[in-house]
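Visitor: okay, predicted coordinates and the sequence, questions at the end:
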Amino acid sequence: MCIYVRRLDSFEKKSTRNCLLISLVFEKMEYLVLLQNGLVVLLTIAFSWKLITYMWGSVKMEKEPMKVLVTGAAGQIGYAIAPMIARGIMLGTDQPVILHLLDIAPAAEALNGVKMELLDAAFPLLKEVHATTDVTEACKDVNIAIMLGGFPRKEGMERKDMMSKNVPIYKEQASALEEHAASDCKVLVVANPANTNALILKEFAPSIPEKNITCLTRLDHNRALSQIAERLKVNVTDVKNVIIWGNHSSTQYPDVNHATVSTPNGERPVKELDTDDHCLRH
Ligand SMILES: NC(=O)c1ccc[n+]([C@@H]2O[C@H](COP(=O)([O-])OP(=O)(O)OC[C@H]3O[C@@H](n4cnc5c(N)ncnc54)[C@H](O)[C@@H]3O)[C@@H](O)[C@H]2O)c1
């Protein structure tokens, strides 16, 4: 009897130990299953993400290239601006471009040099470059026209003297844009006198919406701001309310009567702060 009880006792002990072992194994298995499920979820997410990005890449269409005309492209600004357009600085880094470069026959070699340098740079956004001295060819289907070309100001000439030289040039180029450019073409006139050239262009390209034609006229304003800022040793952003009256010629009148400068004590009139009587006070 005693032996039987002892055996029963050892049997109970063994079975308790086994139960503990089994429950430990089960617990471990639960962790493993959890881990396995977690891994499956992670792999599914990663795979789905790859699949989505791959499908997006194949569905995403490259934008149609925009045709950009630059007149006077062999000149100083043309040489600097053409690569900027080709790099996407003007229209964005996802907008392919086709450049139409126009200049006059005497500048044809320099123009070709600009084209070769653009090709050498292998800009990914630059799909084609057409360098030409033919205004009709240059204006064909262009979406944007940047007008830098014009009669250069020679020594002793005022900007207004260039007007008579530029009128026929702008008439011809406006007519070519009117006839050959895209109907929603946008035009930026830079060549001086920029506002007058823009007006001529508007007159001779009536089908281009008026609001699509603009010109760079901030130069004198910006120049005045930076000269005042330099004189007063302040940042250019601290100078406000400078006005330029008159045309971009000798009739121009920079007006600082309302101009102010931000100081630690608040806004102060520029004329109060300037120490050089001959410069800003009169
Ligand atoms: N609006 C502004 O704020 C502003 C600022 C700077 C310069 N500009 C003007 O921009 C223009 C370009 O400046 P730039 O420094 O490049 O001058 P630039 O003289 O170096 O270049 C002008 C180019 O225009 C070409 N050209 C002349 N007649 C032409 C025609 N009929 N068709 C096509 N091309 C022609 C010339 O051959 C030359 O390559 C100038 O008129 C300048 O006064 C305006």
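Guide: Received, thanks.
Visitor: in the stretch 51-200 of the chain, what residue is nearest the ligand?
Guide: Nearest residue of the stretch 51-200 of the chain to the ligand, counting by Cβ to the nearest ligand atom: Gly75, 1.9 Å away. Placement of C-beta: from N, CA and C, glycine included.
Visitor: count the neighbours of that residue for me.
Guide: Neighbour count for Gly75, taken as other Cβ atoms under 10 Å: 21.
Visitor: doesn't Phe151 make contact with it?
Guide: No. When contacts are counted by Cβ atoms under 8 Å, Gly75 is not listed as touching Phe151 (11.6 Å).
Visitor: and the helix or strand harbouring Gly78, what's buried?
Guide: Secondary structure assigned from DSSP states H and E places Gly78 in helix 76-86. Residues of helix 76-86 classed as buried by neighbour count (16 or more other Cβ atoms under 10 Å): 78-79, 81-83, 85-86.
Visitor: need the contact partners of it.
Guide: The contact list for helix 76-86 (Cβ atoms under 8 Å, 6 or more residues apart in numbering) reads 68, 70-73, 90-91, 97, 99, 101, 103, 114, 117-118, 121, 123, 125-126, 146, 148-149, 190.
Visitor: dump the C-alpha coordinates for it into PDB.
Guide: These are the backbone C-alpha positions of helix 76-86, laid out as PDB (Å, rounded to 0.1, in the frame of the first residue of the first chain):
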ATOM      1  CA  GLN A  76      24.400  87.900 -72.400                       C
ATOM      2  CA  ILE A  77      21.100  87.300 -70.800                       C
ATOM      3  CA  GLY A  78      20.200  84.600 -73.400                       C
ATOM      4  CA  TYR A  79      23.400  82.700 -72.600                       C
ATOM      5  CA  ALA A  80      22.600  82.800 -68.900                       C
ATOM      6  CA  ILE A  81      18.900  82.100 -69.100                       C
ATOM      7  CA  ALA A  82      18.700  79.200 -71.600                       C
ATOM      8  CA  PRO A  83      20.400  76.700 -69.300                       C
ATOM      9  CA  MET A  84      18.100  77.800 -66.400                       C
ATOM     10  CA  ILE A  85      15.100  77.100 -68.500                       C
ATOM     11  CA  ALA A  86      16.600  73.700 -69.600                       C
END
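Visitor: name the next helix or strand downstream of it, please.
Guide: Trace forward from helix 76-86 with DSSP H and E and the next one is strand 97-102.
Visitor: what lies in contact with that following strand?
Guide: 65-74, 78, 82, 85-86, 88, 91, 111, 114-115, 118, 125-135, 137-140, 142, 149.
Visitor: if we can go back for a sec, separation between the residue of the stretch 51-200 of the chain closest to the ligand and Arg218?
Guide: Computed as Cβ to Cβ, to the nearest Å, the Gly75 to Arg218 distance reads 20 Å.
Visitor: next: Ala229.
Guide: Counting by Cβ to Cβ - Ala229 and Arg218 are separated by 15 Å.
Visitor: spell out which residues of this structure are next to the ligand.
Guide: 71-72, 74-78, 102-104, 107, 148-152, 169, 190-192, 194, 216, 219 (Cβ under 6 Å from any ligand atom).
Visitor: follow-up on the earlier one: excluding covalently adjacent residues, which one is nearest to the residue of the stretch 51-200 of the chain closest to the ligand?
Guide: Nearest in space to Gly75, with sequence neighbours left out and distances taken as Cβ to Cβ, 6 or more residues apart in numbering, is Leu148 at 6.0 Å.
Visitor: how about the contacts made by Met90?
Guide: By Cβ under 8 Å, 6+ apart, the neighbours of Met90 are 68, 84.
Visitor: phi and psi next, for it.
Guide: Per-residue torsions, Met90: phi -90, psi -40 (degrees, to the nearest 10).
Visitor: also Thr260?
Guide: Here Thr260 shows phi and psi, under degrees, to the nearest 10, equal to phi -130, psi 160.
Visitor: for it, which residues are in contact?
Guide: 239-241, 267-270.
Visitor: angle of the helix holding Gly78 against strand 97-102?
Guide: Computed by axes from the mean of the first three to the mean of the last three Cα atoms, to 10 degrees, the angle separating helix 76-86 from strand 97-102 equals 160 degrees.
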